[in-house]
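1. Need a 3D model of the sequence below.
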Amino acid sequence: MSDSTPLGEFLRARREALKPQDVGLPEHGRRRVPGLRREEVAMLAGVSSDYYMRLEQGRETSPSSQVIDAVAAALHLDDEALDHLRRLTRAPQERRSIPAGHDRISPQLLQLLDSWPDTPAFVLGPALDVLAHNALAAALHSGFQRFDNLARMVFLDPAGRSFYQDWEKAANSCVAEIRAAYGYDPDSPRITEVVDTLGAKSAEFSELWTRHEVKGKTQQAKNLKHPEVGALKIQFSAFTVNDAPHQQLVVYQAEPTSATAAAFAELRSRADREESVQTEQEESGRALGDT
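-> Below is the predicted model:
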């Protein structure tokens, strides 16, 4: 049987990412497989080799919480990876799938975005689709072809390599966040579409996706570079939207009186001017249509 279940793929990837010395085991001679052997993980977890093999092959689908914790400890999983593992072991009827209409944004949230003219803010869906944004967030990402999906922007848009100064970090983050969302709903059509599209067009995405690393958004600083206002050092926060738990509100901030704060002010000024010009053009068009 092929190791083709989400659970089996995750266990195998995390097993292959470990070396014997990582878990205190001696390494004797040349190995035919990368990482740990199945029997080594089984020994560390205190289960039989046959039982662990059935887990990786998807023939054992209901491990006890004790077994899950033991396997997680053997594979040195952190808390987020352990939560992901637990979700993968749930029966399909026990999973909270991503509901239809998850991309709808409440009017209150849209109003909140627009009430922050000096702070870039946007809302992300589980596949990192940009579901809504304010004017300053659009101005910040104006160098991209489209401000539509962060993963597409990182991997497929030429602007991504220069905008994200630590591109590899941004790439790893995108993949780990989509992988975390995948754990909640492996059958999500939108996540599948994004993964398939990026996998077909980016070898780097494909390689990172096979690692099965899981990570939610952190609050680390970002180093960005806008094509017009230059380098930006950004602090950001991500919040779960209570009435839409598969959405995230992302807010970028700059230190007061910093160069980044000045750059934000310049971007806002440019956006205001462009909006003013667009409004004038629309009014002129309407006036000509009335004559």
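2. Could I get the phi/psi values of L77?
-> L77 adopts backbone torsions of phi -80, psi 140, taken as degrees, to the nearest 10.
3. my read: it touches R14, true?
-> Yes: counting by C-beta atoms under 8 Å, L77 touches R14, with 6.8 Å between them. Glycine gets a C-beta too; all of them are placed from N, C-alpha and C.
4. what about those two, which has more around it?
-> Between L77 and R14, counted using other C-beta atoms under 10 Å, R14 has the larger neighbour count: 25 against 19.
5. what's the pLDDT at that one?
-> In the prediction, the pLDDT value recorded for R14 is 96.
6. so which helix or strand takes in it?
-> Per DSSP states H and E, R14 falls inside helix 6-16.
7. repeat for T197
-> helix 189-201.
8. was I right about L75 contacting L18?
-> Yes: the criterion here is C-beta under 8 Å, and L75 meets it with L18 at 6.7 Å.
9. which of those two has more neighbours?
-> Taking neighbours as other C-beta under 10 Å, L75 and L18 compare with L75 leading, 24 against 19.
10. Contacts only, for that one.
-> L11, R14, R15, L18, V41, A81 (C-beta atoms under 8 Å, 6 or more residues apart in numbering).
11. any idea what sits nearest S4, other than its immediate chain neighbours?
-> Among residues not flanking S4 along the chain, G58 sits closest, at 7.1 Å (C-beta to C-beta, 6 or more residues apart in numbering).
12. Relative to E9, how far out is that neighbour?
-> Distance, G58 to E9, by C-beta to C-beta, to the nearest Å: 9 Å.
13. Same question for W116.
-> Taking C-beta to C-beta, one finds W116 at 40 Å from E9.
14. how much space between the residue nearest to S4 and H212?
-> From G58 to H212 the distance is 15 Å (C-beta to C-beta).
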